[in-house]
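>>> fold the following and give me the result.
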Amino acid sequence: MKKAYLGIDIGSISTKGVVIDENFDIVASSYLWTEGSPVQGARRVLAELRDSLDADYRVLASGATGSARRLVGAMIGASVVKNEITAHAVGTTQLHPNVRTIFEIGGQDSKIILVENGIAVDYAMNTLCAAGTGAFLSSQAHRLGVAVEDFGAIALTSKSPTPIAARCTVFAESDLVHKLQMGHSREDIIAGLCAAVASNYLNNVAKGKKIAAPVVFQGGVSKNAGVVRAFEKELGLSVTVDENGHLMGAYGAAILAAGSGEEREFSFETADMDFTTKEINCRKCPNSCEIICVSRGGQLIDAWGNRCEKGDVRARRA
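Numbers count the residues shown, from 1 in each chain. You can find the predicted model right below:
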């Protein structure tokens, strides 16, 4: 049997999963919409990975990252549960050892990671506003009657991008309607939206950060050629987009699992198991902690959220 390692990146918009071999090469991958349910999103990704993975591989350890990493980590019995900054940095430096700056724009948040000698030394995140993220572009694409996947190609045909005020989603939508009414062409408006995403990111997420080359751009928005060109124009630098950039968090989680030294053989039967979550409000002290309990087949497997021992909920592990 061949050794393999699993990584899952669970986000608010999409769920990503990869399986890597001993050489850290991706041997199976999956990218699906979370659709408001991290549990179901993870199960569907696991099922897709199981169906595409060669039967000769045996997953010896797994890792989880993303906004619902603790929940999915409990589901899969992860050896490693890490934040997105660490996972993205580990994955990117494996494929691009000389990287100095990492841009990441996902469905509802964005981040910048600065790297020196292969180690993340600084970062910033924007999780409070969706302006300039994948969700923002999707909503504008719907308004324009264009598939968001076509935005990049259309933007590249523009010779005079329309300035769009995109510091706030509400203002951007109002400005977009105004520009349409003024007679600006659709391709110029789409190019303007792409430019606004890059400008918004650099003026907010990357504000005060020293951006050094090489720059690697990842996340779902990195697939938009119009945004890539806008970044290059703003920075005066070449921006690299890895073909697996949208999987980088999951890839990093798998690498961390491989290096954890803690092997917990994983079974893809997890995709068929019944998981439920329940919130308990602890009133044993003034903290009034909201404790999240995760059960598998009716049996508690993990719980978190308590800030003192009075709210400690013990999982009965098999």
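
>>> hang on, Asn4 is in a strand, isn't it?
Asn isn't right for residue 4; it's Ala. Yes: using DSSP: H, G, I helix; E, B strand; the rest coil, the secondary structure at Ala4 is a strand.

>>> surely it is in contact with Ile20?
Yes: the criterion here is CB atoms under 8 Å, and Ala4 meets it with Ile20 at 6.6 Å. Just so you know, the C-beta spots here come from the backbone N, C-alpha and C atoms, and that holds for glycine as well.

>>> what about those two, which has more around it?
Ile20 (27 against 23; other CB atoms under 10 Å).

>>> and the more buried one, what element?
strand 14-21 (DSSP states H and E).

>>> in PDB, could you pull the C-alpha coordinates for that strand?
The C-alpha trace of strand 14-21 is given here as PDB (Å, rounded to 0.1, in the frame of the first residue of the first chain):
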ATOM      1  CA  SER A  14     -16.400  26.500  -0.500                       C
ATOM      2  CA  THR A  15     -14.900  23.300   0.900                       C
ATOM      3  CA  LYS A  16     -11.600  22.000  -0.500                       C
ATOM      4  CA  GLY A  17      -9.900  18.600   0.000                       C
ATOM      5  CA  VAL A  18      -6.700  17.100  -1.200                       C
ATOM      6  CA  VAL A  19      -4.900  13.800  -0.800                       C
ATOM      7  CA  ILE A  20      -1.100  13.900  -1.200                       C
ATOM      8  CA  ASP A  21       1.500  11.100  -1.400                       C
END
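
>>> check which element follows it along the chain.
Following strand 14-21 in sequence, per DSSP H and E, is strand 26-33.

>>> and that following strand, which strands flank it?
If you go by DSSP bridges, strand 26-33 pairs up with strand 14-21 (antiparallel).

>>> so how far is Ala257 from Val216?
In this view, Val216 and Ala257 are 22 Å apart by CB to CB, to the nearest Å.

>>> quick one: low-confidence parts of the stretch 51-200 of the chain?
127-132, 166-170 (pLDDT under 70).

>>> ranges for the strands of it?
Assignment of strands within the stretch 51-200 of the chain using DSSP state E, counting those that start in this stretch yields the ranges 57-66, 80-81, 101-105, 110-116, 119-126.

>>> nearest to Arg264, of the ones you listed?
When the strands of the stretch 51-200 of the chain are compared by CB to CB, strand 57-66 sits nearest Arg264, at 6.0 Å.

>>> CA-only coordinates of that closest one in PDB, if you can.
Backbone C-alpha positions of strand 57-66 (Å, rounded to 0.1, in the frame of the first residue of the first chain) are rendered in PDB as follows:
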ATOM      1  CA  TYR A  57      -3.300   4.600  -1.300                       C
ATOM      2  CA  ARG A  58      -3.900   4.400   2.500                       C
ATOM      3  CA  VAL A  59      -4.500   7.700   4.300                       C
ATOM      4  CA  LEU A  60      -2.400   7.600   7.500                       C
ATOM      5  CA  ALA A  61      -3.100  11.100   8.900                       C
ATOM      6  CA  SER A  62      -5.400  14.000   8.200                       C
ATOM      7  CA  GLY A  63      -5.400  17.800   8.800                       C
ATOM      8  CA  ALA A  64      -8.100  20.500   8.900                       C
ATOM      9  CA  THR A  65      -8.000  24.200   8.400                       C
ATOM     10  CA  GLY A  66     -10.500  27.000   7.500                       C
END
